[in-house]
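**Q** Here is a sequence with its predicted model. Questions after.
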Amino acid sequence: MGLFICFEGGEGSGKSTQIRSLKRRLNQLNIPNVATREPGGTHFGNRLRKILMFSKDTLTPETELLLFNASRSHLIDTVIQPALEEGKVVLCDRFSASTLAYQGYARGVALETVKSANMIATRGIQPDLNIFLDILPEKGFQRLPPGRDRFESEDVHEFHERVRAGYLDLIDRATDDWFVIDATQTPRKIAEIVWYKVRSMLDLV
């Protein structure tokens with residue numbers, strides 16, 4: 001099996017930047033890899049992404065939960081599981097922890113309900129490593145470009161602080177592997193920290 005690495009964090013934490021950087025490193029070493037994201041990563045998932053991020057309809061927290069997991073289930077079937085079975089490194093921008101943080105802690109859906117829905121979608125597939133890029137919501141929002149999706153439009157000091165608190169609680173309770181990085185550092189410094197961790201997992205000198 002390959003290696004499954006997920007990048008987690010609030011808005012403006014720099015997940016996409018770090019995934020691109022890590023992918024370049026892997027490519028330079030000719031290490032087979034796949035980079036994907038949630039929601040999305042497939043044609044079907046991208047259609048759901050548009051609904052989740054930009055729909056003008058009112059979506060309940062439970063509707064969000066099910067749509068995210070529909071996208072996740074399809075992504076696992078068509079991208080993540082096949083790549084892992086081929087021995088590739090899979091880099092994913094968000095995974096099941098995001099659903100716990102956003103729909104559970106921030107939206108208020110019971111955590112056991114979120115965990116059950118996640119389990120149905122993932123069928124037990126979990127990251128080998130979760131990298132959490134930690135930044136205060138107000139600092140993260142200073143990095144965002146103009147224009148806001150449904151989640152970025154939520155209140156910074158209410159919704160997004162609950163998201164961050166949710167992540168930190170998950171990490172505090174976690175039995176799986178989390179790697180927390182101060183996301184206020186320069187992108188280059190963060191990339192070096194990420195690579196040091198991933199390199200050790202790949203048994204590279």
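**A** In hand now; what should we look at? Numbers count the residues shown, from 1 in each chain.
**Q** Tell me, how many residues neighbour residue 173?
**A** When neighbours are counted by other CB atoms under 10 Å, residue 173 registers 7. C-beta: built from backbone N, CA, C; applies to glycine.
**Q** Let me know whether residue 42 touches residue 79 as I believe.
**A** Yes: in this structure, residue 42 is within contact of residue 79 by CB atoms under 8 Å, at 6.4 Å.
**Q** which outside residues touch the lowest-mean-pLDDT helix or strand in the chain?
**A** Sorting the helices and strands of the chain by mean pLDDT, DSSP states H and E puts helix 137-141 at the bottom, at a mean of 94. Residues from elsewhere that reach helix 137-141, judged by CB atoms under 8 Å, 6 or more residues apart in numbering: 9-13, 152, 156-157, 160-161, 163-164, 183-184.
**Q** any idea of the mean pLDDT for whatever helix or strand comes next after that helix?
**A** Sequence-wise, the next helix or strand downstream of helix 137-141 (DSSP states H and E) is helix 161-173. Regarding helix 161-173, the rounded mean pLDDT is 97.
**Q** and if you look at stretch 46-57?
**A** When pLDDT is averaged over stretch 46-57, the result is 96.
**Q** where's the dip in pLDDT among the contacts of helix 137-141?
**A** Within the contacts of helix 137-141, residue 157 has the lowest pLDDT, namely 87.
**Q** who's in contact with it?
**A** Residues counted as contacts of residue 157 (CB under 8 Å, 6+ apart) are 137, 138.
**Q** Give me the pLDDT value at the residue positioned nearest the centre of the chain.
**A** The chain has residue 94 as the residue nearest its centroid, 1.2 Å off, counting by CA atoms, centre = their mean. Per-residue confidence (pLDDT) for residue 94: 98.
**Q** ok, now residue 176?
**A** Per-residue confidence (pLDDT) for residue 176: 68.
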